[in-house]
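A.B. asks: task: produce atomic coordinates for the following.
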Amino acid sequence: MTTKKYYSWQDVETAVTAIAVQMYKDEWRPDYIVGITRGGLPIATILSHLIGVPMHTLDVRLRDEANMGPESNLWMAEDAFGYVSNELDQPAPDCRWDISKRKNILIVDDINDTGATFNWIKEDWQGGCLSAEQYAWDAVWTNNVRFAAMTENASSEFDDVRYLWDSVNKAEKDQWLVFPWESDRLHPGD
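C.D. replies: Got it, this is the predicted structure:
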């Protein structure tokens, strides 16, 4: 039987503060935050204001409105990788990169549930001409691009969430997590 776990806005604020403190302890600061549509946007917005860095969005719908599909914003991947264009601002044929140009990017979602969203981003960003540089991408994922989630599902296939606040294990206990921005809160008896 599926049970529901409800989060409050106070939980969201506590989670954002915890994530900010974890980054502070790591001495790591993003150049910008990427909020995943839909659930990651409230958390990313609050975190962006709290630490004073810009926020962008990325629409990765793998389940809802599947006919639209995920959005590929490879300029973010180029920022993370330190991509350098030629003098005409056209892609360089050899896909040059410069470590000193790499930006720190924090990707935020409400939950790392199955891992599909974060895995899709990693695969998408490594695509194209930059995919040949796998050894460099390994460093990017460790150093420049980090992942945060308010809640981590311990049984997720994605295990690179660096910053989190709460943890559940859906393999052990079937839970549906209800965040304060979800319409399910209007019908808590369902």
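
A.B. asks: surely residue 5 meets residue 168?
C.D. replies: Yes: Residue 5 is within contact range of residue 168, at 7.1 Å (criterion: Cβ atoms under 8 Å). Using the backbone N, CA and C atoms, a C-beta is placed for each residue, glycine as well.

A.B. asks: now the common contact residues for these two.
C.D. replies: 175, 177 (Cβ atoms under 8 Å, 6 or more residues apart in numbering).

A.B. asks: run a quick neighbour tally on the nearest residue to residue 40 once chain neighbours are set aside.
C.D. replies: Nearest residue to residue 40, sequence neighbours excluded (Cβ to Cβ, 6 or more residues apart in numbering): residue 109, at 3.9 Å. Residues within reach of residue 109, counting by other Cβ atoms under 10 Å, total 27.

A.B. asks: who's in contact with residue 109?
C.D. replies: Contact analysis of residue 109 by Cβ under 8 Å, 6+ apart lists 36, 39-40, 43, 117-118, 147-150.

A.B. asks: tell me which of those is nearest to residue 101?
C.D. replies: residue 147 (21.5 Å; Cβ to Cβ).

A.B. asks: what residues are up against the closest one?
C.D. replies: 106-109, 112, 118, 158, 160-163.

A.B. asks: which strands or helices does the longest helix seen in the chain pack on?
C.D. replies: Longest helix in the chain by number of residues (criterion: DSSP state H): helix 9-26. With contacts taken as 3 or more Cβ pairs under 8 Å, 6 or more residues apart in numbering; DSSP states H and E, helix 9-26 sits against helix 40-51, strand 145-153, strand 161-168.

A.B. asks: quick one, the shortest one and helix 40-51 angle?
C.D. replies: Between the axis of strand 161-168 and that of helix 40-51 there is an angle of 120 degrees, by axes from the mean of the first three to the mean of the last three Cα atoms, to 10 degrees.

A.B. asks: which residues touch strand 161-168?
C.D. replies: 5, 11, 14-15, 18-19, 22-23, 26, 106, 112, 118, 146-154, 175, 177.

A.B. asks: more crowded one of residue 5 and residue 168?
C.D. replies: Per other Cβ under 10 Å, whichever of residue 5 and residue 168 has more neighbours is residue 168, with 18 against 13.

A.B. asks: against residue 126, how distant is the more buried one?
C.D. replies: The gap separating residue 168 from residue 126 is 29 Å, by Cβ to Cβ, to the nearest Å.
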